[in-house]
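Q: What would the 3D arrangement of this be:
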Amino acid sequence: MRLHAIVALVFTVPELAAAQNAQAREGFGISFGVGRGSAGVECNSCSTDRLNGASGYLRLGGHVRPNLFVGFESNGWLHSDQGVDETVGYYSGVAQWYPNAATGFYVKGGVGITSYLADDGTDQATSGATALTLGIGYDFRVGRNFSLTPYANYLASAKGELLFNDVSTGFNWSINILQLGLGFTWH
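A: Numbers count the residues shown, from 1 in each chain. From the prediction side, this is the model:
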């Protein structure tokens, strides 16, 4: 008898929660997330190990349909080691599509630009290029207009020129980042 009650509870509670906090999306939306990022670099004659650091995003925009969000997204990654601070930023126009408007799962794509800065307090290395953003996530609705959103993003740049103290190094390289984290989304 207890097993039947437990099974009924396991299947009933999620349905009740979903009914109370249905996936309704309209108007303005904002989301930000925090997590970890793994960055890699590719260039003509080099290879590097991936570096881990703090990472996150900020997204603003609007729902043009219940299953489509269009907006602006900024993604960042930070890493410090041996007195060198590295930052990478991606700035993209994005479209976020929910294949089934009744659920929280989405896929995302966008295009924009990236910027790189490494600074040791004396010298700076910089780079910039066009960029691509791809991502997936799930909006777990916990309130009428609020969701907790686990996410995974892949950010990649085209090759751009690496400058050292604003002077060309002759190297072209690309940067890619894999982000994993938790977002806080207002619909």
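Q: The helix or strand in which Leu60 is found: what's the following helix or strand?
A: Element membership of Leu60, judged by DSSP states H and E, is strand 51-65. Per DSSP H and E, the first helix or strand lying C-terminal to strand 51-65 is strand 68-81.
Q: re the thing from before, what strands line up against the strand holding Leu60, and which way round?
A: If you go by DSSP bridges, strand 51-65 pairs up with strand 27-43 (antiparallel), strand 68-81 (antiparallel).
Q: from memory Phe32 sits against Ser55, does it?
A: No: under the criterion of Cβ atoms under 8 Å, Phe32 makes no contact with Ser55, lying 11.9 Å away. From N, CA and C alone the C-beta is placed, and that goes for glycine too.
Q: Have a look at those two and say which one is more surrounded.
A: Ranked by neighbour count (other Cβ atoms under 10 Å), Phe32 and Ser55 place Ser55 first, with 25 against 16.
Q: Spatially, and excluding backbone neighbours, which residue is closest to that one.
A: Leaving aside its sequence neighbours, Ser55 sits nearest to Gly37 (Cβ to Cβ, 6 or more residues apart in numbering; 2.9 Å).
Q: can you check His63 too?
A: The nearest residue in space to His63 (Cβ to Cβ, 6+ apart) is Arg25, at 4.6 Å.
Q: ok, now Ala156?
A: Asn176 (4.3 Å).
Q: The helix or strand hosting that neighbour pairs with which strands, and in what direction?
A: Using DSSP H and E, Asn176 maps to strand 167-186. Neighbouring strands of strand 167-186 in its sheet, by DSSP bridges, are strand 27-43 (antiparallel), strand 146-157 (antiparallel), strand 160-164 (antiparallel).
Q: What are the buried residues along that strand?
A: Buried residues in strand 167-186, counted by 16 or more other Cβ atoms under 10 Å: Phe171, Asn172, Trp173, Ser174, Ile175, Asn176, Ile177, Leu178, Gln179, Gly181, Gly183, Thr185.
Q: Then stretch 67-78?
A: For stretch 67-78, a neighbour-count test (16+ other Cβ under 10 Å) marks Asn67, Phe69, Val70, Gly71, Glu73, Asn75, Gly76, Trp77 as buried.
Q: related to what we said a few turns ago, from Leu60, how far out is the residue nearest to Ser55?
A: 21 Å (Cβ to Cβ, to the nearest Å).
Q: Tell me which of the two has more neighbours.
A: Gly37 (24 against 13).
Q: ok, now which ones touch the more buried one?
A: Contacts for Gly37 (Cβ atoms under 8 Å, 6 or more residues apart in numbering) come out as Asn52, Gly53, Ala54, Ser55, Trp77, Ile177, Leu178, Gln179, Leu180.
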